[in-house]
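Engineer: Sequence first, predicted model second:
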Amino acid sequence: MNLLSPSAARIRSPELYDFTDPDGQPSYGANQTWYATEWQRRAGCGPTVFAHLVWYIARTREKYASLCPYAGNDTGGFLPLMEDAWRHITPGKQGVNKTAMFAAGAVSYGAERNVPLRPHVREIPAPVRRRPPLADIEQFITGFLTDDLPVAFLNLSNGLLTNLDSWHWVTLIAYETAGHTALMYDQSRSAVIDIGLWLRTTAFGGGFVAVVPSLELGQPNS
């Protein structure tokens, strides 16, 4: 779904996230409720988002196809990847509440697939005075989207955003600097969220993570 202007930075093949849910209905990406157990369905947003990232890399860069050895964009085809992601990014009692957990899992997963993965992180601390400026965050997000890499977003507190769950990971696939807004895929839905408003009003912060195969340059300052 294209909810931002044509000038927005975006991944080049968002149609790769045109999934089908268990009822045969359209789904924007996967949904953590596809997991088999109750705990996975409650806490599985982090590994689900990571599965989104490696799925996209595998589908758009043939030499990294081993990152996803499964076929299919429904529960039958994508759930095995979600389960593999869970083994490397395993939620604790508070879920996957740190970008470091996500980043370490990415490295572990890449090593298992013989594709070294380098996570790039922009941490958003809880204290307002320690937070990076919005322009820095936007440069991080748009840089990776322009490189055709989706970005994982950890939101520990949604602040004044009413269309974003707290303590939750989502996948960003487009960003419009003019409005400070991002297009996210989350729980089978597509929505635009105001990153500028989030940065000003979040109580606990969070962070952004992009995963880059180590053979690609990525962003040297991240």
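Structural biologist: Sure, I can see it.

Engineer: pLDDT weak spots in this structure?
Structural biologist: Applying pLDDT under 70 to the chain flags residues 1-2, 215-222.

Engineer: which one's the longest helix in it?
Structural biologist: helix 45-60 (DSSP state H).

Engineer: and that helix, what does it pack onto?
Structural biologist: Counting contacts by 3 or more Cβ pairs under 8 Å, 6 or more residues apart in numbering; DSSP states H and E, helix 45-60 packs against helix 75-88, helix 99-112, strand 151-155, strand 168-176, strand 206-213. To be clear about C-beta, it is placed using only N, CA and C from the backbone, and glycine gets the same treatment.

Engineer: deepest of these, which one?
Structural biologist: Of all the helices and strands packed on helix 45-60, strand 151-155 has the most neighbours on average by mean count of other Cβ atoms under 10 Å, namely a mean of 26.

Engineer: partners of that strand in the sheet?
Structural biologist: strand 168-176 (antiparallel), strand 206-213 (antiparallel) (DSSP bridges).

Engineer: buried set for the longest helix of the chain?
Structural biologist: 45-59 (16 or more other Cβ atoms under 10 Å).

Engineer: Name the nearest of these relative to Lys98.
Structural biologist: Lys98 lies nearest to Gly46 out of the buried residues of helix 45-60, by Cβ to Cβ, at 9.7 Å.

Engineer: quick check: angle from the longest helix of the chain to strand 151-155?
Structural biologist: For helix 45-60 against strand 151-155, the angle by axes from the mean of the first three to the mean of the last three Cα atoms, to 10 degrees is 170 degrees.

Engineer: what's the angle from helix 45-60 to helix 75-88?
Structural biologist: Using the same axes, to 10 degrees: helix 45-60 against helix 75-88 is 120 degrees.

Engineer: what's the offset of helix 45-60 from the middle of its chain?
Structural biologist: On the basis of Cα atoms, centre = their mean, to the nearest Å, helix 45-60 sits 7 Å off its chain's mean C-alpha point.

Engineer: Same check on stretch 145-157?
Structural biologist: 5 Å.

Engineer: got a list of what Gly29 touches?
Structural biologist: 17, 19, 52, 171, 185-186, 188 (Cβ atoms under 8 Å, 6 or more residues apart in numbering).

Engineer: Thank you, goodbye.
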